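In: Just the structure for this:
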Amino acid sequence: MKLSPRPLASRSRRRTLLGLVLGALGCHQPQLTNLRAPADAAERAPDGSVDGPAWFQLSDAQPVDVPMGPRACVNLQCQRPVCPGPTRTSLSGTAFAPNGKLPLYNVAVYIPNAPLAPLPRGMTCDRCGTTTSGYPIASAITDAEGKFRLENVPAGKDIPLVVQVGKWRRRVTIPNVRPCEDNLLADPELTRLPRHRGEGDLPNVAITTGQCDGLSCTMAKLGVDTTELGVLGQDRPFTYFQGNSGGGPPGMAPAPELWGKLAELQKYDFIVFNSLCLEYANNPGEWLNRDAAAFENVTRYLNAGGRAFATGREYAWAKYSPDPRLAGALGFPTVDQQGDGKLPITVDTRTPKSKALADWMKFVNPAASYGQISADEIYDHLRGPAVGGQIWATSPSQRLSRDLGNHPRVVTFNTPVGLPVDQQCGRLTMLNMQVAKRGDFAPSSFPAICGAELTTAEYALAFLLFDLAACIQNEEMPPAPPAIIP
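Out: As a prediction, the model looks like this:
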């Protein structure tokens, strides 16, 4: 017998119904005591009420969750119009980087039905489905052109909208949503990520400078306000540490103060390691030496939910990791086995995200060859397969005019490597190439020397940086929008 639950108006009616159901089924009827109110906010409805499923406390059993049928609408749910035929009220637009120019893939766009919860600061375990708040009632994820479409949205004035990827989050207000039609948001100022903390949330990011890559300038080019770029002790979201380059703000602390202390690493959602040109591994005579303790710190950071972006010889964080699953996930050839990396760097489009990278690069730069990444210099320090990871792009290698085959140039690992997806929290992205021009310039010229426009080589870098910030998921599956409250 299938029973269809109906909404009840009072606690007494709920008690009565439960008794009748148990009696009809011939079940033992333990004494029904008072209804137990939800213990905390996690058990409450979006409006803070305790309606919805009723909680009964039985004297000789655990609490029983009895579904009580459809709830009344709450807040903005009540503003969703009933439209004739197939017509729906919708919102569409494009999500952009903070500069309002670069469209972004895999950005969550949603309408919250309650206040947003504060985002935790620093390293956290951000699996997909855990980073959005506010009980979304409509949501979407942007495609390879940065486009989104929200269906069945509330109509009326001052409708809230959230644009979020990882801990980049901005809440804006749509002045007016017209019922029963698509409302195109054509102004990038409404649908871009925040430039500064006055507009929304920014991740905490550490950036080490290096002579063999110039990623120090990337955040400014992406539109982050220069007031948010700083050094240790300034309480800025983007903190620069000095490697073997002065390419950053004045007053940078030495990079070993970052990787030498796990507590310092844990302050940051992700870290950008610019290439130092050398491994600097286990060499006590060098002031930039990375000893066993440093490699252990970074490995523990990654395995607990930290993210790292490494270019050039910063693959050392994987090669010398004390975790054999990470250290053994790739091959690292000796010097006499290495060749010269050659163009083209070709994207492997067999997974949803790598296919999106190829599509996205063609969209933002139509003159480029489909699925090919530009680079100022290509190295040959990695060998596949990437056990437990993903090789996004490869290119040919040669040694003394002898072809060595295609080798990995862009590789990612969710960490801890080798564990099921639901037990992974962190991510390591490695680019075995020089993405931006060499980063050695006087701190006094930063960030004015950076310019405002991304180079062709920096397009792929931008895509992968925002991918690094996104929630952790099964890489074999396309990204999914946030779950909604119907």
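In: List the buried residues for stretch 86-96?
Out: Residues of stretch 86-96 classed as buried: 88-96 (neighbour count, 16 or more other Cβ atoms under 10 Å). The way it works is simple: take the backbone N, C-alpha and C, and place the C-beta from them, glycine included.
In: I meant to write stretch 273-287 there.
Out: Under the neighbour-count criterion of 16+ other Cβ under 10 Å, stretch 273-287 has 273-281 buried.
In: Just flag the most distant two among those residues.
Out: Greatest spacing in the buried residues of stretch 273-287, by Cβ to Cβ: 274 and 281 (16.3 Å).
In: coming back round to it: identify, from the buried residues of stretch 86-96, the entry nearest to residue 104.
Out: For the buried residues of stretch 86-96, the nearest to residue 104 is residue 95 (5.2 Å; Cβ to Cβ).
In: Contacts only, for the closest one.
Out: The contact partners of residue 95, taken as Cβ atoms under 8 Å, 6 or more residues apart in numbering, are 103-104, 107, 109, 142, 146, 148, 163, 191-193.
In: one step back: any idea which of the buried residues of stretch 86-96 is closest to residue 174?
Out: residue 91 (7.1 Å).
In: Can you tell me the element the closest one falls in?
Out: Per DSSP states H and E, residue 91 falls inside strand 90-94.
In: who does the very next helix or strand once past that strand pair up with?
Out: As assigned by DSSP H and E, the chain's next helix or strand after strand 90-94 is strand 108-111. Applying DSSP bridges, strand 108-111 is found paired with strand 138-141 (antiparallel), strand 156-165 (antiparallel).
In: Pick the most deeply packed of these.
Out: Each of the strands paired with strand 108-111 was scored by mean neighbour count; the highest is strand 138-141, a mean of 23, by mean count of other Cβ atoms under 10 Å.
In: just how off-centre is that strand within its chain?
Out: 16 Å (Cα atoms, centre = their mean, to the nearest Å).
In: Give me the contacts around it.
Out: 91, 106-111, 132, 148-154, 479-484.
In: now those residues: which count as buried?
Out: Buried among the contacts of strand 138-141 (16+ other Cβ under 10 Å): 91, 106-111, 132, 148-150, 152-154, 479, 481-482, 484.
In: Longest strand of this structure, counting residues only.
Out: Secondary structure assigned by DSSP state E gives strand 402-415 as the longest strand of the chain.
In: and the next helix or strand after it, what's its mean pLDDT?
Out: Counting by DSSP H and E, the element after strand 402-415 in chain order, helix or strand, is strand 426-431. Averaged across strand 426-431, pLDDT comes to 97.
In: Strand 426-431 packs against which elements?
Out: helix 292-303, strand 307-311, helix 316-319, strand 402-415, helix 456-469 (3 or more Cβ pairs under 8 Å, 6 or more residues apart in numbering; DSSP states H and E).
In: how about a cut-off of 10 Å?
Out: Under the contact criterion of 3 or more Cβ pairs under 10 Å, 6 or more residues apart in numbering; DSSP states H and E, strand 426-431 touches strand 270-273, helix 292-303, strand 307-311, helix 316-319, strand 389-399, strand 402-415, helix 456-469.
In: Chain neighbours aside, what residue packs nearest to residue 436?
Out: residue 214 (3.8 Å; Cβ to Cβ, 6 or more residues apart in numbering).
In: sorry, back to before: would a markdown table of the strands paired with strand 108-111 with distance to residue 455 be doable?
Out: As requested, the strands paired with strand 108-111 are exported to a markdown table (distance: least, Cβ to Cβ, whole Å):
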| stretch | distance to residue 455 |
| --- | --- |
| strand 138-141 | 28 |
| strand 156-165 | 22 |
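In: Can you convert the ones you listed into CSV and add a column each for distance to residue 321 and mean pLDDT?
Out: Output for the strands paired with strand 108-111, formatted as CSV (distance: least, Cβ to Cβ, whole Å; pLDDT from 0 to 100):
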stretch, distance to residue 321, mean pLDDT
strand 138-141, 32, 98
strand 156-165, 27, 98
